[in-house]
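> sequence plus predicted model, see below.
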Amino acid sequence: MAIVERVFSGVQPTGNLHLGNYLGAIVNFVKLQETHNCIYCVVDMHAITQGADVWGGPAELARNTREVAAAFIAAGVDPKKHIVFNQSQVSGHAELTWIFNCVARVGWLSRMTQFKEKAGKDRENASVGLYDYPVLMAADILLYRATHVPVGEDQKQHLELARDIAQKFNNDFGDSIRGQGFNEGLFFPQPEPLITGPATRVMSLRDGTKKMSKSDSSDNSRINLTDDADTIAQKIRKAKTDPEPLPSEEKGLETRPEADNLVGIYAALSGRSKQQVLSEFGGGQFSSFKNALVELCVEKLSPIASEMKRLVADPGHVDAILVDGAERANAIAAETMKSTKDIVGFIRSR
Ligand code: AMP
Ligand code: TRP
């Protein structure tokens, strides 16, 4: 079982999929299909790590799970050539998490900034699952011995933890791994984050210093993938800006987070660099740039929104895709779990 190049990534079904999810992650999922075997997962087990006030309860979870799968497919992920499934259907995610729980150190998890942000002031009352979230994420990736992980900037620290877990497992069980015939004691690869493009961190439309997020109480802070053309236009026209005209050079964006964000969005959606965008719009007023941005957003997002609508209207069809994907994912996962159990010394049926 040699390590092959494989892509894995996940998105939580916690509602309000937005432009940040699309540009930071999903666009890259689509691109990577040309060069890699890809596995894209709707991480429903991650979704329940916060209270039901965040994930909405059982009916909402199922609805959101189908919606994320629909977004992958509507954006251009091919669930036949690659794998699209929901995490809870493959038991290996939970099993490998337990083993990794015994490899990862409390000190490592205590440094995770996302836990600190999500737990807030009342840390004692956060779920154990929220604390353990990055270990489950490492298990997601390494269950398929994936080598490349397309994510937004906010997941960088979690990827570093996944690399630490892979390395410590390889060290702790080095002799056993060699005993099982794996070259140089390398069982788990070091997964590489792919944080690429001009919009790896899309910011809120209301505050250029805050990340665009599913949970922001203001719907005007984000463009949802399901927004219609009028809503997109309204949100972009209302987006916070400053009174200066757009600069002609990228350097001029440094102290202007809102301008930088809108230019980054335009660049990402049009497949150009920020400098190229500024060469066209620099010196002009925001209002005309915003008009162009509205047009571009609507052009790129409307077909995705209508395809998502069509897909979620047929839940049976989406569920069949997820079941098929889970079966194929499980075939890979089962191989990893067999070897992992042998490496750890767990007796199993042959
Ligand atoms: P989540 O919604 O937290 O499950 O995130 C799904 C994917 O979208 C991850 O790869 C995130 O890094 C990415 N993502 C979330 N928010 C943003 C954002 N504001 N800008 C860029 N990428 C994002
Ligand atoms: N933690 C990721 C997020 O919130 C979602 C996720 C779960 C993930 N498991 C993953 C991303 C594995 C990449 C690989 O955005």
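That came in fine, so what should we check first? Ligands and ions are numbered 1, 2, ... in the order given.

> next structured bit after the host helix or strand of K116?
Secondary-structure assignment from DSSP states H and E places K116 in helix 113-119. Beyond helix 113-119 in the direction of the C-terminus, DSSP H and E gives the next helix or strand as helix 128-142.

> that following helix vs ligand 1: in contact?
No. Using CB under 6 Å from any ligand atom, helix 128-142 stays clear of ligand 1, coming no nearer than 10.1 Å. Quick note: C-beta positions are derived from backbone N, CA and C, even for glycine.

> before we move on, what about stretch 11-18?
Yes. Contact of stretch 11-18 with ligand 1 (CB under 6 Å from any ligand atom) involves V11, Q12.

> which residues touch that stretch?
Identification of contacts with stretch 11-18 by CB atoms under 8 Å, 6 or more residues apart in numbering yields 21, 25-26, 40-44, 46-47, 54-56, 60-61, 64-65, 67-68, 71-72, 86, 202, 212-215, 219, 222-226.

> now, which of these lie within helices?
Among the contacts of stretch 11-18, the members found in helices (DSSP state H) are 21, 44, 46-47, 54-55, 60-61, 64-65, 67-68, 71-72.

> neighbour-wise, which of these leads?
Counting neighbours by other CB atoms under 10 Å, V68 comes out on top of the ones in helices among the contacts of stretch 11-18 with 29 neighbours.

> what about it, distance to ligand 1?
Using CB to the nearest ligand atom, to the nearest Å, one gets 8 Å for the distance from V68 to ligand 1.

> do K235 as well
15 Å.

> and the residue lying closest to Q167 once chain neighbours are set aside, how many residues sit next to it?
Nearest non-adjacent residue to Q167, counting by CB to CB, 6 or more residues apart in numbering: Q190, 6.7 Å away. Q190 has 15 neighbours, counted by other CB under 10 Å.

> could you do S306 as well?
Neighbour number of S306 under other CB under 10 Å is 13.

> check the one 3 residues further on too.
Taking other CB under 10 Å as the neighbour definition, K309 ends up with a count of 13.

> before we move on, the earlier item: how about the helix holding K116 and ligand 2, any contact?
No. Counting by CB under 6 Å from any ligand atom, ligand 2 has no neighbours in helix 113-119; the shortest distance is 7.7 Å.

> what's in contact with that helix?
Q50, L109, R123, A126, L130, Y131, Y133, P134, D154, Q157, H158.

> and it, how far out from the chain middle?
Relative to its parent chain, helix 113-119 has a centroid offset of 17 Å by CA atoms, centre = their mean, to the nearest Å.

> now swap in stretch 196-209 and tell me
15 Å.

> report whether that stretch contacts ligand 2.
No. Stretch 196-209 stays clear of ligand 2 (CB under 6 Å from any ligand atom), getting no nearer than 12.2 Å.

> can you tell me which residues contact the nearest residue to H82 once chain neighbours are set aside?
Among residues not flanking H82 along the chain, C38 sits closest, at 4.2 Å (CB to CB, 6+ apart). Listed by CB under 8 Å, 6+ apart, the contact set of C38 reads R6, V7, F8, F29, L32, V77, H82, I83.

> for the second one, helix, strand, or coil?
Following DSSP: H, G, I helix; E, B strand; the rest coil, the label given to V7 is strand.
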